[in-house]
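A.B. asks: fold the following.
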Amino acid sequence: MTAGGPNPAVVINALAARWPNLHVILEDPESKLDITRRRARRFGWPNALGQLATMMVGRLLRPLAARRTAEICRNRNADPVMPERVPVSRVASINDPQCAELVRELRPAVILLVSTRLMTRTPLDKLPCPVLNLHAGINPAYRGQMGGYWSLALRDAGNFGATVHLVDAGTDTGGTLYEVRTRPEPGDFIATYPLTLTIASLGIVGQAVEDAVHGRLRPMAAEGPSHLRFPPPLWTWLRYGLTRGIW
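C.D. replies: Below is the predicted model of the structure:
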């Protein structure tokens, strides 16, 4: 299940090479307005608008991100384009009853979430198989969004990594299955850190899916302080960029 994009496509291509019966459920992305309203309820409008401003700057940097994405994929032999041979079903949201009905028809052995909205408790409880998530951050210190960015901005580069974990009703709080740590490369920035982490995680994603198919998942409780992360407001992103070189 995914909302689409080059990072999920990289994962889909890797899994399709091993599992020819792979099926993709593609949800509509959340609107920027809905996301901003939800964050305003949590943080207040100034911070929510600051996060929106960072997202807007990200749009201006899309040409740079596209060039860097192509370079990363070329160097790592990763394919960021959805394979035509994999069937795709579209839903408005992974939380809609239509999605649960589709899952019942497909009868999967395992579901993997890659770049989706948060799955809520009611639809999650109705799914008939393990649900895994690829998270671009090390749990529990970098739950939520932009985990790779925050590990670098907070001078914790040793935890620049990704986690595959079980999905529960919380945000990246389910049991950890595998972790991988790596390093960003020259030219990476906030828009490309997730791709670098996605490619680094392909091995553990494949292993977790295989474990689920064969009924040998062994989740572990994540240890250490737990922090839920969000995209930085524009002024925070600029401050860490100018003072620490983390963009």
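
A.B. asks: contacting residues for Ala212?
C.D. replies: 109-110, 129-130, 132 (C-beta atoms under 8 Å, 6 or more residues apart in numbering). Heads up, the C-betas are built off the backbone N, CA and C, glycines and all.

A.B. asks: out of those residues, the closest to Glu179 would be?
C.D. replies: Closest approach to Glu179 among those (C-beta to C-beta): Leu132, at 13.4 Å.

A.B. asks: how much space separates Leu26 from Ala9?
C.D. replies: From Leu26 over to Ala9 the distance is 11 Å, taken as C-beta to C-beta, to the nearest Å.

A.B. asks: likewise Arg68?
C.D. replies: In terms of C-beta to C-beta, Arg68 sits 16 Å off from Ala9.

A.B. asks: same question for Lys126.
C.D. replies: On the measure of C-beta to C-beta, Lys126 and Ala9 end up 27 Å apart.

A.B. asks: related to what we said a few turns ago, out of Arg68 and Ala9, which sits in the busier spot?
C.D. replies: Ala9 (23 against 20; other C-beta atoms under 10 Å).

A.B. asks: ok, that one touching Val86?
C.D. replies: No: in this structure, Ala9 is not within contact of Val86 by C-beta atoms under 8 Å, at 9.8 Å.

A.B. asks: can you get me a residue count around the closest residue to Gly224 other than its chain neighbours?
C.D. replies: Nearest non-adjacent residue to Gly224, counting by C-beta to C-beta, 6 or more residues apart in numbering: Ala141, 5.7 Å away. A count of neighbours around Ala141, defined by other C-beta under 10 Å, yields 19.

A.B. asks: need the contact list for Ala141.
C.D. replies: Going by C-beta under 8 Å, 6+ apart, Ala141 touches 151, 156, 159, 224-227.

A.B. asks: for it, what are phi and psi?
C.D. replies: Per-residue torsions, Ala141: phi -70, psi -30 (degrees, to the nearest 10).

A.B. asks: and for Ala162?
C.D. replies: Dihedral angles (degrees, to the nearest 10) for Ala162: phi -130, psi 160.

A.B. asks: which residue ranges of this structure form strands?
C.D. replies: 24-27, 88-91, 111-113, 131-135, 143-144, 161-166, 176-181, 228-229 (DSSP state E).

A.B. asks: mind putting the ones you listed in a markdown table, distance to Arg18, mean neighbour count and mean pLDDT included?
C.D. replies: Formatted as a markdown table, the strands of the chain follow (distance: least, C-beta to C-beta, whole Å; neighbours: other C-beta atoms under 10 Å; pLDDT from 0 to 100):
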| stretch | distance to Arg18 | mean neighbour count | mean pLDDT |
| --- | --- | --- | --- |
| strand 24-27 | 15 | 20 | 98 |
| strand 88-91 | 18 | 16 | 97 |
| strand 111-113 | 12 | 23 | 98 |
| strand 131-135 | 15 | 24 | 98 |
| strand 143-144 | 28 | 19 | 96 |
| strand 161-166 | 15 | 24 | 98 |
| strand 176-181 | 16 | 18 | 98 |
| strand 228-229 | 31 | 16 | 96 |
